[in-house]
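> the sequence and its predicted three-dimensional model are supplied below.
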Amino acid sequence: MLVRSKMVQILKKALYVGGIVYLGMMRAFGASLSLPSAPYSYTVLDQDLSAALQEFGNNLNIRVNVSAEVRGRIRGRMPDLPPREFLERLTALYNLQWYYDGLVLYVSAAHEAQSRLIVLNPISFGAFKTALDALNISDERYIVKPAPGEGLVLASGPPRFVALVDQTLKGLVAEAQARRDPVAAERPQRESVLMLFRGSSSTVIRDGRPEGHYSSDTPHQDSVVREAGPGRK
């Protein structure tokens, strides 16, 4: 397929040039969210915040995905502002985060932000960052940076952003494995399991995906425990 082929070409390029690309030369805001500069007039006396965001998208012909955790009501008249400033105003007033992936504008509550430690090996951080920039995933409002430890990167931001960062790395790893060993790339991958302890709660992350949250009466220090998956010792 044409789209998949183009993405593979971008990932291949990132693998080869990532080690020599100077990082941080351009301000990155993810996919470009093109909004008109004319003021956005929105008059409301009392409306659900989620409904107002959906109407914002409908009026500007933008698909909007509003998290169920976005709650609140807009009371009183909003000032006439350019659409981006209107969106930023709602973000600040109601403690929200937004991320545009090129197709959908995702709006979530700030408390839904995720922080994830991702194993880079065998990909270099330079190649990883280059791929994120090339695919318009990078966003300077949110974090992707090397973490203490061997071959680790910390990704932090709204759920959609973190999910795309994780998917990009998996694509790079699959491409690297296919070039090194086409036969091994066809074999099913062993699952990895991490347990993240935060206070008295813990989260199981299986193959990079949160699987469940558990709590206990005994508090733990923040820590990460890697467990062996099937076939690992």
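Thanks, I have it.
> which residues does residue 114 bridge with?
On the basis of DSSP bridges, residue 114 is bridged to residue 157.
> count the neighbours of it for me.
For residue 114, the count of nearby residues is 19 (other CB atoms under 10 Å). For every residue, glycine as well, the C-beta is placed using N, CA and C.
> contact partners for it?
Residue 114 sits next to 155, 156, 157, 158, 159, 162 when contact means CB atoms under 8 Å, 6 or more residues apart in numbering.
> repeat the analysis, applying 7 Å as the threshold.
The contact partners of residue 114, taken as CB atoms under 7 Å, 6 or more residues apart in numbering, are 156, 159, 162.
> do the same with residue 72
49, 94.
> residue 55 belongs to a helix?
Yes: remark: residue 55 belongs to a helix, assigned using DSSP: H, G, I helix; E, B strand; the rest coil.
> quick one: it and residue 106, what's the gap?
Per CB to CB, to the nearest Å, residue 55 is found 17 Å from residue 106.
> check residue 94 too.
15 Å.
> in CSV: the contacts of residue 114, plus distance to residue 100, pLDDT and neighbour count.
Below are those laid out as CSV (distance: CB to CB, whole Å; pLDDT from 0 to 100; neighbours: other CB atoms under 10 Å):
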residue, distance to residue 100, pLDDT, neighbour count
156, 18, 95, 16
159, 14, 96, 16
162, 15, 95, 22
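> adding distance to residue 77, write those residues out as a markdown table.
Putting those into a markdown table (distance: CB to CB, whole Å) gives the following:
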| residue | distance to residue 77 |
| --- | --- |
| 156 | 35 |
| 159 | 32 |
| 162 | 36 |
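> just those now: which is nearest residue 79?
Of all the contacts of residue 114, residue 79 sits closest to residue 159, with 29.9 Å by CB to CB.
> just checking, what packs against the longest helix along the chain?
Secondary structure of the chain per DSSP state H: the longest helix is helix 159-180. Judged by 3 or more CB pairs under 7 Å, 6 or more residues apart in numbering; DSSP states H and E, the packing partners of helix 159-180 are helix 2-17, strand 114-119, helix 125-134, helix 182-186.
> model confidence over the second one, on average?
Summarised as a single mean, pLDDT over strand 114-119 is 91.
> next: the third one.
In this model, helix 125-134 carries a mean pLDDT of 92.
> okay, now the sheet partners of whichever helix or strand comes after it, with direction.
Proceeding N to C from helix 125-134, the next assigned helix or strand is strand 143-146, under DSSP states H and E. Strand 143-146 has the following strand partners under DSSP bridges: strand 152-157 (antiparallel).
> pull the CA atoms of the longest helix of the chain into CSV?
The C-alpha trace of helix 159-180 is given here as CSV (Å, rounded to 0.1, in the frame of the first residue of the first chain):
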residue,chain,number,x,y,z
PRO,A,159,-2.5,9.7,25.8
ARG,A,160,-2.7,10.1,22.0
PHE,A,161,0.8,11.6,21.9
VAL,A,162,2.4,8.9,24.0
ALA,A,163,0.6,6.2,21.9
LEU,A,164,2.1,7.6,18.7
VAL,A,165,5.5,7.8,20.2
ASP,A,166,5.3,4.1,21.2
GLN,A,167,3.9,3.0,17.8
THR,A,168,6.8,4.8,16.0
LEU,A,169,9.4,3.1,18.1
LYS,A,170,7.8,-0.3,17.4
GLY,A,171,7.9,0.4,13.7
LEU,A,172,11.6,1.4,13.8
VAL,A,173,12.4,-1.8,15.8
ALA,A,174,10.5,-4.0,13.3
GLU,A,175,12.3,-2.3,10.4
ALA,A,176,15.7,-2.8,12.0
GLN,A,177,15.0,-6.4,12.8
ALA,A,178,13.8,-7.1,9.2
ARG,A,179,17.0,-5.6,7.7
ARG,A,180,19.2,-7.6,10.1
